[in-house]
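>>> pasting the sequence and the predicted model now:
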Amino acid sequence: DAGVIQSPRHEVTEMGQEVTLRCKPISGHNSLFWYRQTMMRGLELLIYFNNNVPIDDSGMPEDRFSAKMPNASFSTLKIQPSEPRDSAVYFCASSLAGTSGFPYEQYFGPGTRLTVT
Amino acid sequence: EDQVTQSPEALRLQEGESSSLNCSYTVSGLRGLFWYRQDPGKGPEFLFTLYSAGEEKEKERLKATLTKKESFLHITAPKPEDSATYLCAVQAMEYGNKLVFGAGTILRVKS
């Protein structure tokens, strides 16, 4: 299996621009998670989906952030407009958890390093 | 209030010098405790899941243990390639499928 795939791997953009990050989860996994990692705050969960449905978006910092999962094999995280404080590494992860509640492990993608100037 | 605390923040070992990393947690209704390894520029890599106090799991030079309040990651005779950041995370009943991560321990093993 190719694992979780994220694109782009690096993104440099100017403040005010729209940024779209993409994720393809592991085939057969039914939970998908978006995280942000910074030196100051560590790894933070932004939002997660079960069976393509957003379950908890309490970690999304502001209305500038939005996430969608139109089907089981694709998700996007969009930031509009972007700000310098959004600079971070954004990870996507997937697992078999679904609605079972069983603590299945999450598998992480390689991340997208976002720099907003 | 931090729910998952890892110590030490950083650890330097000589090759072959065994040691332990600690992960303490304050959540109730623990469903699972996870250990991950993260190399620079990469995503966290899954190592172990522990489900209940008293459980132990091993993989090569790593051994993870779990009590009701903390977990230890024991590293026996480490090698330079064991250098990485080690993250622990917990999943609890109150969180659904969410994992709450600790800040990590940066391990450096010198030859």
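Nice, thanks for sending it over. Numbers count the residues shown, from 1 in each chain, chains lettered A, B, ... in the order given.
>>> who in chain A is up against chain B?
Residues of chain A lying close to chain B (C-beta under 8 Å from any C-beta of the partner chain) are A:4, A:31, A:33, A:42-43, A:45, A:48, A:50, A:55-56, A:91, A:93, A:95, A:97, A:101-103, A:105-111. In this view, the C-beta of every residue, glycine as well, is placed from N, C-alpha and C.
>>> so how far is chain A from residue B:108?
With distances taken as C-beta to the nearest C-beta, to the nearest Å, residue B:108 is found 17 Å from chain A.
>>> got it, and residue B:20?
Separation of residue B:20 from chain A (C-beta to the nearest C-beta): 21 Å.
>>> likewise residue B:59?
From residue B:59 to chain A the distance is 13 Å (C-beta to the nearest C-beta).
>>> my guess is that residue meets residue B:48, correct?
Yes. Between residue B:59 and residue B:48 there is a contact under C-beta atoms under 8 Å: 6.9 Å.
>>> what bridges to residue A:91?
Beta-bridge pairing of residue A:91 under DSSP bridges involves residue A:35.
>>> element containing whatever residue of chain A ends up closest to chain B?
Residue nearest to chain B within chain A: residue A:103 (2.9 Å; C-beta to the nearest C-beta). Residue A:103 is part of no helix or strand when elements are defined by DSSP states H and E.
>>> check residue A:48 too.
Short version: residue A:48 belongs to strand A:42-50, going by DSSP H and E.
>>> who does that strand touch, helix- and strand-wise?
If contacts are counted by 3 or more C-beta pairs under 8 Å, 6 or more residues apart in numbering or on different chains; DSSP states H and E, strand A:42-50 sits against strand A:31-38, strand A:53-56, strand A:65-71, strand A:74-79, strand B:100-101.
>>> check the offset of it from the chain's centre.
The chain centre lies 7 Å from the centre of strand A:42-50; the measure is C-alpha atoms, centre = their mean, to the nearest Å.
>>> what pairs with that strand, parallel or antiparallel?
strand A:31-38 (antiparallel), strand A:53-56 (antiparallel).
>>> strand A:65-71 and that one, what's the angle between them?
Counting by axes from the mean of the first three to the mean of the last three C-alpha atoms, to 10 degrees, strand A:42-50 lies at 40 degrees to strand A:65-71.
>>> neighbours of residue 87, how many?
Just going to use chain A. As a burial measure, residue A:87 scores 16 neighbours (other C-beta atoms under 10 Å in any protein chain shown).
>>> think we crossed wires, I meant chain B
25.
>>> give me the beta-bridge partners of the residue of chain B found nearest chain A?
Nearest residue of chain B to chain A: residue B:32, at 2.9 Å (C-beta to the nearest C-beta). Note on residue B:32: beta-bridge partners by DSSP bridges are residue B:91.
>>> that concludes my questions; thank you for your assistance.
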